[in-house]
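# how does the following fold in three dimensions:
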Amino acid sequence: MLKHLAGLDAFLAATRAAGTTVYPAPEHYFNALNAVPPSEVKVVILGQDPYHSAGLANGFAFAVPEYVKPPPSLRNILTEVQRDLGPREVPLPDHDLMPWVKQGVLLLNAVLSVSKGVAGSHHNRGWEIFTDAVIAHLGARAEPTVFMFWGKAAQRKASFVQRDHHLILTAPHPSPLSVYRGFAGCGHFSQCNRFLMDQAQRPIDW
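Below is the predicted model:
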C-alpha cells in the first residue's frame, strides 16, 4: 500500500504544480475519517468522488458546506429521506450533514480528490487502495454496521465486507443521470434503521 500511496502523493503534487485546482483542499481529504472514529461508525455511506465545482467539496461524501445550495445528488438524497421516512416534525439536516456524522455516519468517497471540472479524474491513482483498506477494516469488525454503496465505484467495495452480521445496501448513484434507475425508492434509510434497532442500537435521526 505504501508504494501506491507514494504514487498518489506524487500525482497530486504534480497535478497542483501544473496549475490544476484540486478539490477539496489537501487539509480536508480525510475529514470524514477524522470526524468519526472507527469504533463509533454505525453506518457507512460510500460515494464515488468529490464534487468537482468550486466551493462544494469538503471532505465528506455528498455533503457541502453549511448554507451552500445543495447540488443535485444531495438534493436527491434528501428527497429520498423524505419519501422513505415520511413527513418530518423537524427540518432536514443542514447541507453539511453534520447531524448524521455526529450519530456515527461515515460519509466516505471511494476517491478522495478530483481535479476542477473533471469528474473521475483521480480514479485509479491510489485512493482506491486506501479506501479498500478502510472498508475492509470496518467490514471485519464484530459490531454490526450498515454499508450503503451508491454507484458502481462504491459497489465494487462490497466484497470487502463480511456479510454474516453486517447489512449491505446497494443502489445506483443519486446523481440526476441515475437517480431514477433505482436510487429513488431504494428505501435505504428505513432499512438501515430497522437493522440498527434489530441489533439493539439507536436508529439514525435522518
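# which neighbouring elements make contact with the helix or strand bottoming out on mean pLDDT in the chain?
The least trusted helix or strand in the chain, going by mean pLDDT, DSSP states H and E, turns out to be helix 2-17, with a mean of 87. Of the remaining helices and strands, those touching helix 2-17 by 3 or more CB pairs under 8 Å, 6 or more residues apart in numbering; DSSP states H and E are strand 22-23, helix 127-139. For every residue, glycine as well, the C-beta is placed using N, CA and C.
# which one of these lies nearest to Phe30?
Comparing the helices and strands packed on helix 2-17 by their distance to Phe30 (CB to CB), the top pick is helix 127-139, with 9.7 Å.
# now the element after that closest one, going C-ward?
Stepping forward along the backbone from helix 127-139, the first helix or strand reached (DSSP states H and E) is strand 146-150.
# avg pLDDT for whichever helix or strand comes after that following strand?
Toward the C-terminal end, the helix or strand that comes next after strand 146-150 (DSSP H and E) is helix 152-155. When the per-residue pLDDT values of helix 152-155 are averaged, the result is 89.
# again with stretch 127-145
Per-region confidence: stretch 127-145 scores 96 on mean pLDDT.
# distance between that stretch and the chain's centre?
13 Å (CA atoms, centre = their mean, to the nearest Å).
# so where do the helices sit in the protein?
With DSSP state H as the criterion, the chain has helices at 2-17, 31-35, 72-85, 98-101, 127-139, 152-155, 188-198.
# give me the number of neighbouring residues for Leu56.
Counted with other CB atoms under 10 Å, residues neighbouring Leu56 total 19.
# winner for burial among the helices and strands packed on helix 2-17?
Using mean count of other CB atoms under 10 Å, the stretch among the helices and strands packed on helix 2-17 with the greatest mean number of neighbours is strand 22-23 (a mean of 20).
# list the helices and strands that one packs on?
Applying 3+ CB pairs under 8 Å, 6+ apart, one finds that strand 22-23 makes contact with helix 2-17, strand 114-115.
# average pLDDT across that strand?
98.
# let me see the residues that make contact with that strand.
Strand 22-23 is contacted from outside by 12, 15-16, 50-54, 56-57, 113-116, 122, using CB atoms under 8 Å, 6 or more residues apart in numbering.
# where does the protein dip in pLDDT?
Low-confidence regions of the chain, defined by pLDDT under 70, span residues 1-4, 89-91.
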